[in-house]
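Visitor: quick one: sequence plus predicted model below, questions after.
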Amino acid sequence: MPPRKYPLAVDSDSIASNPIQDLACVLHELLRALQHQNPNPFRLDTRIQLPNFLGQSNGEVVDSWICSLSTYFNTCPDLTEARNLHIAALQLEGLAQTWWDTEKEKTTFMIELGDVGSSTTPPIKRWDQLFEALRNRFYPPGYI
């Protein structure tokens, strides 16, 4: 609690304080302290640092990243598939980010041409489609 602005005790140099004014000061400080508290004391405020994927051609790194994000998404059932995709895309860096930007451009271009149905690869709109596409792109040749 922050220090009081008004003295509650009476010292030899001051005039006797008003008990009602002292009570009002204490109540004011208590109300201010309560306003700064979490309104739901049972709510857990956590911050999670998700791993980034740099686009390494290493099956173990790809699988580890996918597993980490899948675990996070499974613990957050309120997230939609579209939100999961956006969160995962934010964790891409370097070569993986470049690959993702190219995939988005291809999808946008196909939609503009009205050629979405004839493509061999469907546009990526969900997390499960993204991780399959990442595996196809970043698994090294011959990796099972």
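Guide: Yep, it's here. Small disclaimer: the values here were computed from a predicted structure and weren't measured.
Visitor: now do the contacts for residue 32.
Guide: Applying C-beta atoms under 8 Å, 6 or more residues apart in numbering to residue 32 gives no contacts. C-beta coordinates here come from the backbone N, C-alpha and C atoms, glycine included.
Visitor: begin at 142 from now on, thanks
Guide: Sure, I'll start numbering at 142, so the last one becomes residue 173.
Visitor: quick one: it from residue 167, how far?
Guide: Residue 173 sits 11 Å away from residue 167, going by C-beta to C-beta, to the nearest Å.
Visitor: roughly how far apart are residue 165 and residue 284?
Guide: From residue 165 across to residue 284, the span is 72 Å (C-beta to C-beta).
Visitor: so where is this protein shaky, pLDDT-wise?
Guide: 142-158, 175-186, 252, 256-262, 285 (pLDDT under 70).
Visitor: please repeat the previous calculation with a cut-off of 80.
Guide: Counting by pLDDT under 80, the ranges of the chain that qualify are 142-160, 163-169, 171-188, 248-263, 285.
Visitor: number of nearby residues for the residue lying closest to residue 233 once chain neighbours are set aside?
Guide: In space, and not counting its chain neighbours, residue 233 is closest to residue 241: 5.1 Å by C-beta to C-beta, 6 or more residues apart in numbering. Residue 241 is flanked by 21 other residues according to other C-beta atoms under 10 Å.
Visitor: you'd agree residue 241 is up against residue 232?
Guide: No: when contacts are counted by C-beta atoms under 8 Å, residue 241 is not listed as touching residue 232 (10.2 Å).
Visitor: looks to me like residue 284 is in a strand.
Guide: No: counting by DSSP: H, G, I helix; E, B strand; the rest coil, residue 284 is not found in a strand; it is coil.
Visitor: for the closest residue to it other than its chain neighbours, give me its contacts.
Guide: Using C-beta to C-beta, 6+ apart and skipping residues adjacent in sequence, the residue nearest residue 284 is residue 200, 4.0 Å away. Contacts for residue 200 (C-beta under 8 Å, 6+ apart) come out as 280, 281, 284.
Visitor: and what of residue 199?
Guide: 279, 281.
Visitor: equivalent analysis for residue 237, please.
Guide: 194, 195, 196, 275, 279.
Visitor: how does it look with 10 Å?
Guide: 193, 194, 195, 196, 197, 203, 206, 230, 275, 278, 279 (C-beta atoms under 10 Å, 6 or more residues apart in numbering).
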